[in-house]
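In: Structure for the following, please:
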Amino acid sequence: MRLTHPRIHPVPDDQLTADQAELLAPMQKSGRVLNIFRTLAAAPKAAKGFLAWGNYILSRRNDLPAREREIVIMRTGFLCKSGYEWTQHHRISLNAGLSEAEIARIKIGAELPAGAPPTPPCCKPATNFTTTSSSPMRRGRRCERTSPRSSAWTSSSPPASTRRSR
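Out: Sure, this is the predicted structure:
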(Lines give C-alpha, C1' and ligand atoms only; values in the text may rest on other atoms or scores of the structure.)
Protein backbone atom coordinates (compact mmCIF):
# COMPACT_ATOMS: atom_id res chain seq x y z
CA MET A 1 0.00 0.00 0.00
CA ARG A 2 1.35 3.41 -0.93
CA LEU A 3 0.09 6.35 1.05
CA THR A 4 -1.56 9.15 -0.93
CA HIS A 5 -0.76 11.68 1.80
CA PRO A 6 1.46 11.72 4.89
CA ARG A 7 0.10 10.44 8.18
CA ILE A 8 1.99 13.25 9.92
CA HIS A 9 2.25 16.41 7.87
CA PRO A 10 5.49 18.38 7.66
CA VAL A 11 5.27 21.61 9.69
CA PRO A 12 5.26 24.67 7.38
CA ASP A 13 7.51 27.64 8.24
CA ASP A 14 4.57 29.87 9.13
CA GLN A 15 3.32 27.37 11.74
CA LEU A 16 6.59 26.62 13.57
CA THR A 17 6.66 27.03 17.33
CA ALA A 18 9.77 28.54 18.93
CA ASP A 19 11.10 25.01 19.74
CA GLN A 20 10.46 23.80 16.20
CA ALA A 21 12.08 26.88 14.66
CA GLU A 22 15.15 26.39 16.87
CA LEU A 23 15.38 22.74 15.81
CA LEU A 24 15.21 23.57 12.09
CA ALA A 25 17.34 26.74 12.19
CA PRO A 26 20.67 25.02 11.33
CA MET A 27 19.05 23.33 8.33
CA GLN A 28 17.38 26.54 7.18
CA LYS A 29 20.79 28.26 7.23
CA SER A 30 22.06 25.67 4.78
CA GLY A 31 19.14 26.57 2.51
CA ARG A 32 17.16 23.33 2.51
CA VAL A 33 15.00 21.57 5.09
CA LEU A 34 13.93 18.10 3.96
CA ASN A 35 10.34 17.07 4.69
CA ILE A 36 11.55 14.32 7.03
CA PHE A 37 12.93 17.02 9.35
CA ARG A 38 9.81 19.18 9.00
CA THR A 39 7.78 16.10 9.95
CA LEU A 40 10.03 15.27 12.90
CA ALA A 41 9.61 18.89 14.05
CA ALA A 42 6.06 17.97 15.10
CA ALA A 43 7.75 16.33 18.13
CA PRO A 44 10.81 18.52 18.87
CA LYS A 45 12.13 16.50 21.82
CA ALA A 46 11.99 13.24 19.88
CA ALA A 47 13.49 14.98 16.84
CA LYS A 48 16.50 16.16 18.86
CA GLY A 49 17.25 12.57 19.91
CA PHE A 50 16.73 11.26 16.39
CA LEU A 51 18.94 13.95 14.88
CA ALA A 52 21.75 13.23 17.36
CA TRP A 53 21.58 9.53 16.46
CA GLY A 54 21.24 10.18 12.72
CA ASN A 55 24.13 12.62 12.69
CA TYR A 56 26.32 10.04 14.43
CA ILE A 57 25.29 7.25 12.02
CA LEU A 58 26.12 9.40 9.00
CA SER A 59 29.34 10.80 10.49
CA ARG A 60 32.94 9.67 10.27
CA ARG A 61 32.81 8.90 14.03
CA ASN A 62 30.72 5.83 13.20
CA ASP A 63 32.96 2.73 13.13
CA LEU A 64 31.03 1.26 10.20
CA PRO A 65 32.55 2.46 6.91
CA ALA A 66 30.22 4.59 4.75
CA ARG A 67 29.91 1.92 2.07
CA GLU A 68 28.77 -0.79 4.49
CA ARG A 69 26.55 1.68 6.37
CA GLU A 70 24.70 2.47 3.14
CA ILE A 71 24.30 -1.22 2.29
CA VAL A 72 22.66 -1.79 5.68
CA ILE A 73 20.42 1.28 5.31
CA MET A 74 19.42 0.37 1.75
CA ARG A 75 18.71 -3.29 2.60
CA THR A 76 16.63 -2.30 5.60
CA GLY A 77 14.80 0.36 3.59
CA PHE A 78 14.12 -2.16 0.82
CA LEU A 79 12.76 -4.81 3.19
CA CYS A 80 10.60 -2.24 4.94
CA LYS A 81 9.37 -0.99 1.55
CA SER A 82 10.43 2.54 2.42
CA GLY A 83 10.45 4.42 -0.86
CA TYR A 84 11.62 7.55 0.92
CA GLU A 85 14.62 5.85 2.53
CA TRP A 86 15.54 4.04 -0.68
CA THR A 87 15.36 7.22 -2.77
CA GLN A 88 17.29 9.40 -0.30
CA HIS A 89 20.03 6.84 0.29
CA HIS A 90 20.39 5.79 -3.36
CA ARG A 91 22.35 9.01 -4.04
CA ILE A 92 24.23 8.72 -0.75
CA SER A 93 25.14 5.10 -1.61
CA LEU A 94 26.57 6.15 -4.96
CA ASN A 95 28.60 8.85 -3.21
CA ALA A 96 29.84 6.20 -0.73
CA GLY A 97 31.24 4.18 -3.63
CA LEU A 98 28.51 1.66 -4.46
CA SER A 99 27.80 1.01 -8.13
CA GLU A 100 24.30 0.80 -9.63
CA ALA A 101 24.83 -2.97 -9.99
CA GLU A 102 25.71 -3.32 -6.32
CA ILE A 103 22.66 -1.29 -5.33
CA ALA A 104 20.48 -3.55 -7.49
CA ARG A 105 21.94 -6.63 -5.71
CA ILE A 106 20.95 -5.17 -2.34
CA LYS A 107 17.35 -5.97 -3.29
CA ILE A 108 18.26 -9.64 -3.70
CA GLY A 109 20.14 -9.84 -0.44
CA ALA A 110 22.27 -12.80 0.56
CA GLU A 111 20.20 -15.31 -1.44
CA LEU A 112 21.95 -15.16 -4.82
CA PRO A 113 21.88 -17.76 -7.58
CA ALA A 114 25.07 -19.76 -8.13
CA GLY A 115 27.67 -17.84 -10.09
CA ALA A 116 26.22 -14.40 -9.32
CA PRO A 117 28.57 -11.67 -8.06
CA PRO A 118 28.72 -11.75 -4.25
CA THR A 119 26.52 -9.51 -2.14
CA PRO A 120 28.36 -7.57 0.56
CA PRO A 121 28.43 -9.50 3.88
CA CYS A 122 26.51 -6.81 5.77
CA CYS A 123 23.36 -7.56 3.70
CA LYS A 124 22.69 -10.73 5.69
CA PRO A 125 22.63 -9.11 9.18
CA ALA A 126 20.38 -6.33 7.86
CA THR A 127 18.04 -8.95 6.42
CA ASN A 128 18.07 -10.96 9.65
CA PHE A 129 17.38 -7.86 11.74
CA THR A 130 14.31 -6.91 9.73
CA THR A 131 12.90 -10.39 9.16
CA THR A 132 13.41 -12.49 12.30
CA SER A 133 10.49 -12.92 14.66
CA SER A 134 12.51 -11.42 17.53
CA SER A 135 13.36 -8.28 15.55
CA PRO A 136 11.84 -5.08 16.95
CA MET A 137 10.87 -4.20 13.38
CA ARG A 138 8.97 -7.48 12.93
CA ARG A 139 7.26 -7.12 16.30
CA GLY A 140 6.18 -3.65 15.15
CA ARG A 141 4.97 -5.23 11.88
CA ARG A 142 6.84 -2.60 9.87
CA CYS A 143 8.71 -5.00 7.58
CA GLU A 144 7.80 -8.10 5.62
CA ARG A 145 10.09 -10.92 4.62
CA THR A 146 11.14 -10.35 1.04
CA SER A 147 13.25 -12.81 -0.91
CA PRO A 148 13.55 -13.81 -4.55
CA ARG A 149 11.22 -16.73 -3.76
CA SER A 150 8.50 -14.63 -2.12
CA SER A 151 5.61 -12.96 -3.87
CA ALA A 152 6.42 -9.69 -2.12
CA TRP A 153 7.92 -6.74 -3.98
CA THR A 154 11.13 -7.65 -5.78
CA SER A 155 11.08 -5.56 -8.96
CA SER A 156 13.88 -3.25 -9.99
CA SER A 157 11.92 -0.06 -9.35
CA PRO A 158 12.22 1.68 -5.96
CA PRO A 159 9.89 0.46 -3.21
CA ALA A 160 6.84 2.50 -2.28
CA SER A 161 6.22 3.67 1.28
CA THR A 162 4.01 1.11 2.93
CA ARG A 163 3.35 2.00 6.51
CA ARG A 164 0.42 0.04 7.86
CA SER A 165 -2.47 1.63 9.66
CA ARG A 166 -3.10 0.35 13.14
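In: so where's this structure shaky on pLDDT?
Out: Under the criterion pLDDT under 70, the flagged ranges of the chain are 1-2, 110-166.
In: And the helices in it, which stretches?
Out: Shown for the chain, the helices assigned by DSSP state H span residues 18-29, 35-40, 44-57, 66-79, 83-95, 100-106, 123-131, 136-139.
In: so which of those helices is the most packed in?
Out: Counting by mean count of other Cβ atoms under 10 Å, helix 66-79 has the highest mean neighbour count of the helices of the chain, with a mean of 22. In this view, the C-beta of every residue, glycine as well, is placed from N, C-alpha and C.
In: Could you name the helices and strands sitting against it?
Out: Judged by 3 or more Cβ pairs under 8 Å, 6 or more residues apart in numbering; DSSP states H and E, the packing partners of helix 66-79 are helix 83-95, helix 100-106, helix 123-131.
In: still on that earlier bit, out of the helices of the chain, flag the one nearest Thr4.
Out: Each of the helices of the chain has some distance to Thr4 by Cβ to Cβ; the shortest is helix 83-95, at 13.0 Å.
In: What helices and strands are in contact with the closest one?
Out: Secondary-structure packing of helix 83-95 (3+ Cβ pairs under 8 Å, 6+ apart): helix 66-79, helix 100-106.
In: possible to save the ones you listed as TSV with distance to Lys45?
Out: TSV is the format used below for the helices and strands packed on helix 83-95 (distance: least, Cβ to Cβ, whole Å):
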stretch	distance to Lys45
helix 66-79	24
helix 100-106	33
